[in-house]
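Asker: Let me see the structure of the following:
(3 chains)
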Amino acid sequence: MQIKAVFHIDEIEKWKLLIGNVQNLIKVLPAKSFEIVIVANSVAVKEYLIKNSIFSNELKELSSSGIKICACKNALNSLKINQDEIFEFITIVPVGVKEIIEKQLEGFAYIKP
Amino acid sequence: MQIKAVFHIDEIEKWKLLIGNVQNLIKVLPAKSFEIVIVANSVAVKEYLIKNSIFSNELKELSSSGIKICACKNALNSLKINQDEIFEFITIVPVGVKEIIEKQLEGFAYIKP
Amino acid sequence: MQIKAVFHIDEIEKWKLLIGNVQNLIKVLPAKSFEIVIVANSVAVKEYLIKNSIFSNELKELSSSGIKICACKNALNSLKINQDEIFEFITIVPVGVKEIIEKQLEGFAYIKP
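Answerer: Numbers count the residues shown, from 1 in each chain, chains lettered A, B, ... in the order given. Okay, the predicted model is just below:
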């Protein structure tokens, strides 16, 4: 069974747990065998700020492993965060929850750490 | 792809986030093109109290947009809330989590803000 | 429609809510008509400790009702909890989130109380 999952985060304090979850998951999966998407909305997008990020190395590694890491554009806008302030490997999606819903309707599982 | 989603809330403090999520979502969807259900259980049903509600206008508007807004009957009972104390546009379901599960088994995505 | 659901918990404070949710759900379902799995990861696995458990009776009853109750092995390891310290009716799964994803891909609904 191919692992397809979307991880949802909207609280800044949950990043450590979410990253640990994803790291433990891909450790037991063959490389490139999975489709995993992380979608951050609300204040959780602040972790993507180049100048403030706590888990920049971990996020970079997850991105390199083929995991798509997304930010909700509405959340960036309401926090007045510009695209050039966040990591270049972040995908900006117009509406975070719409992305999460569409992934599930395409057959992805949902995890909210 | 038709958007079909159930939003779950069981903490009173999450209403602001949930309502913002749903408002941002339907803003980008054609009217009446979606099926969205909100299910509150546990203490989150207290937001439906006519005398205490903080987001009564927002809830009314979401209901007018065709969103089904539900309360778990078990939660109302354990908080001693009568049906005549909550908004008339709220749908009471016998068991909140059963409603959420059945929606997913019918093909709805799940979001827990 | 057969009820198939996986309940996810990763915070120790959410056990009371989760157990109440599951109890209310199975009360309205015919015995043995459902497939329900509880998966605990992160610090939530501490509730399975024989010497510290708060809801041992409730967990035992849920297990007797046919509900599969799981612990993430990674979480047990990082908390230095041995298998002989937790209830014998707990199923240890190698990676909690992998179990949750696979269940969803097999058609189970997801609930995060």
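
Asker: Figure out how far the strand or helix carrying A:I100 is from the centre of its chain.
Answerer: A:I100 belongs to helix A:96-105 when elements are defined using DSSP states H and E. Distance of helix A:96-105 from the chain centroid (CA atoms, centre = their mean, to the nearest Å) equals 13 Å.

Asker: And the strands in chain A, which stretches?
Answerer: Per DSSP state E, chain A carries strands over the ranges A:4-9, A:35-40, A:68-72, A:91-93, A:109-111.

Asker: if we can go back for a sec, now the helix holding A:I100 and strand A:4-9, what's the angle there?
Answerer: Relative orientation of helix A:96-105 versus strand A:4-9 (axes from the mean of the first three to the mean of the last three CA atoms, to 10 degrees): 160 degrees.

Asker: which secondary structure elements does helix A:96-105 contact?
Answerer: strand A:4-9, strand A:35-40, strand A:68-72, strand A:109-111, strand B:4-9, helix B:15-27, strand B:109-111 (3 or more CB pairs under 8 Å, 6 or more residues apart in numbering or on different chains; DSSP states H and E). Quick note: C-beta positions are derived from backbone N, CA and C, even for glycine.

Asker: can you do 6 Å?
Answerer: Packed against helix A:96-105, as judged by 3 or more CB pairs under 6 Å, 6 or more residues apart in numbering or on different chains; DSSP states H and E, are the following elements: strand A:4-9, strand A:35-40, helix B:15-27, strand B:109-111.

Asker: contacting residues around the closest residue to A:S42 other than its chain neighbours?
Answerer: Distances taken as CB to CB, 6 or more residues apart in numbering or on different chains place A:D10 nearest to A:S42, at 4.0 Å, with adjacent residues excluded. By CB atoms under 6 Å, 6 or more residues apart in numbering or on different chains, the residues touching A:D10 are A:41-42, A:44.

Asker: State the distance from A:D10 to B:P113.
Answerer: Distance of A:D10 to B:P113, computed by CB to CB, to the nearest Å: 6 Å.

Asker: and the closest residue to A:S53 other than its chain neighbours, what pLDDT?
Answerer: Excluding the flanking residues, the one nearest A:S53 by CB to CB, 6+ apart is A:E47, at 5.8 Å. As predicted, A:E47 sits at a pLDDT of 98.

Asker: Is there a neighbour count for A:E47? I'd like the number.
Answerer: Close neighbours of A:E47, defined as other CB atoms under 10 Å in any protein chain shown, add up to 24.

Asker: Help me confirm that it comes into contact with A:K14.
Answerer: No: with contact defined as CB atoms under 6 Å, A:E47 does not reach A:K14; the gap is 9.6 Å.

Asker: Chain C contacts on chain A?
Answerer: A:1, A:3, A:5, A:17, A:21, A:24-25, A:28, A:109-112 (CB under 6 Å from any CB of the partner chain).
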